[in-house]
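In: Pasting a predicted model and its sequence here:
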Amino acid sequence: MFSYCTDPSTLEGLTWLSCYLTTGKHMSLYYSLGVVLLLLAITAPTALLFGFFGAMAARSRFTPLSWLGKLYIAIVRGVPDIAFFLFFVIALDQMFEWTRHQVLCPDWNQPIRIGNDFVVCPEAKLPLGTAPQWVHETYGFTLAVLTFAIVFGAFAANVLFGAMRAVPRGQIETAEAYGMTRAQAFRRILVPQMWIYALPGLSNLWMVLIKATPLLFLLGVEDIVYWARELGGTKTGRFTEYPHGDWRMWYFLALLVFYLIFTRISEIYLEKLTQRLNHGQATTGGEAQRKAGA
């Protein structure tokens, strides 16, 4: 990285440390930090979308759709996250490949299941063996986003379902008495007011999502925890230009500080969002704001 890093054996102190922290593997650590933040940025709204439609389905008057929504919530919430992650990524990957196999290789006459092996035609593999590395990484990341979104979407659906039921029924009836259709009352009355009731549960869910990011390693994505363990292990001069002892404690301490800072920033933002959503609402927070402004 720096011109003076040509011969690490001649370095010491902060100069040695600056060179050590800018090696190629450390760049992979910093890149994985960006991957984690990108995962959170994409997964949070996607999971919220899954949750919103799941909650809408659960409260639907159409019985089969209501059962489907409640089944989605119950099944995903009832299975340990780690078990669901290990199962669903394989199942999702095989579903995509099986679908492509049916379309691209209709003349295939060999069984797809051969013992424990799942065999499809080469054209149906995802990603293709000839695809560049970034395609493989993007595909793995996409599977990770979908898996996280489906899991946390079920928890979000349960939170939103409860929030929808917490909005006073009298307000919906008043809207309908003024001539609004059920869809209009849902869109104009129920949805805007439900967020203040949902925010405490969604806030906790956001914190859990942050803490669940180390599960990325189970999905084939090299995350910051993986690299912290990899880089912090003992390195001898025989295998590296920057030998050191077992530094895993320091790497994991840095991760602890990072997660604490990140969650604290999240708490500050969520507190401000709660105050904004309380404005004008018939809630304890809303009443406090009205009294303070009186």
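Out: Nice, thanks for sending it over.

In: Pull the contacting residues for the closest residue to I42 other than its chain neighbours.
Out: Spatially, and ignoring its direct neighbours in sequence, I42 is nearest to V145 (5.3 Å; Cβ to Cβ, 6 or more residues apart in numbering). Glycine gets a C-beta too; all of them are placed from N, C-alpha and C. V145 makes contact with 39, 42-43, 46, according to Cβ atoms under 8 Å, 6 or more residues apart in numbering.

In: which element is M207 on?
Out: Element membership for M207 (DSSP states H and E) is helix 191-212.

In: who touches that helix?
Out: Here helix 191-212 makes contact (Cβ under 8 Å, 6+ apart) with 40, 43-44, 47-48, 81, 148, 152, 155-156, 158-160, 162-164, 166-167, 171, 259, 262-263, 266, 270, 273-274, 277-278, 281, 283, 285-286.

In: neighbours around Y31, how many?
Out: Counted with other Cβ atoms under 10 Å, residues neighbouring Y31 total 12.

In: Buried ones in the one helix or strand it maps to, by neighbour count?
Out: Of the helices and strands defined by DSSP H and E, Y31 is found in helix 24-58. Neighbour counts over helix 24-58 (16 or more other Cβ atoms under 10 Å) mark 26, 28-29, 32, 35-36, 39-40, 42-44, 46-48, 50-52, 54-58 as buried.

In: Stretch 75-83 too?
Out: 76, 81.

In: ok now that stretch, how far from the chain's centre?
Out: Distance of stretch 75-83 from its chain centroid, counting by Cα atoms, centre = their mean, to the nearest Å, is 15 Å.

In: Quote the end-to-end distance of it.
Out: End-to-end distance of stretch 75-83 (Cα to Cα, to the nearest Å): 12 Å.

In: Now do the same contact list for T236.
Out: Per Cβ under 8 Å, 6+ apart, neighbours of T236: P243.

In: and I172, how many residues sit next to it?
Out: 17.

In: Remind me what the helix or strand containing it packs against, helices and strands.
Out: In the assignment (DSSP H and E), I172 maps to helix 169-177. Using 3 or more Cβ pairs under 8 Å, 6 or more residues apart in numbering; DSSP states H and E, the elements in contact with helix 169-177 are helix 182-185.

In: what's in contact with the helix it packs on?
Out: 172, 175-176.

In: For that helix, what is the distance to the chain centroid?
Out: With Cα atoms, centre = their mean, you get 32 Å for helix 182-185.

In: coming back round to it: okay, the angle between the helix holding I172 and helix 191-212?
Out: 130 degrees (axes from the mean of the first three to the mean of the last three Cα atoms, to 10 degrees).

In: Strands of the stretch 151-294 of the chain, start to end?
Out: Shown for the stretch 151-294 of the chain, no strands are assigned by DSSP state E, counting those that start in this stretch.

In: low-scoring pLDDT stretches of it, where are they?
Out: Within the stretch 151-294 of the chain, the stretches with pLDDT under 70 are 237-239, 279-294.

In: ok, now with 90
Out: Scanning the stretch 151-294 of the chain for pLDDT under 90 picks out 151, 164-197, 211-251, 271-294.

In: where along it do the helices fall?
Out: 169-177, 182-185, 191-212, 224-232, 248-278, 284-293 (DSSP state H, counting those that start in this stretch).
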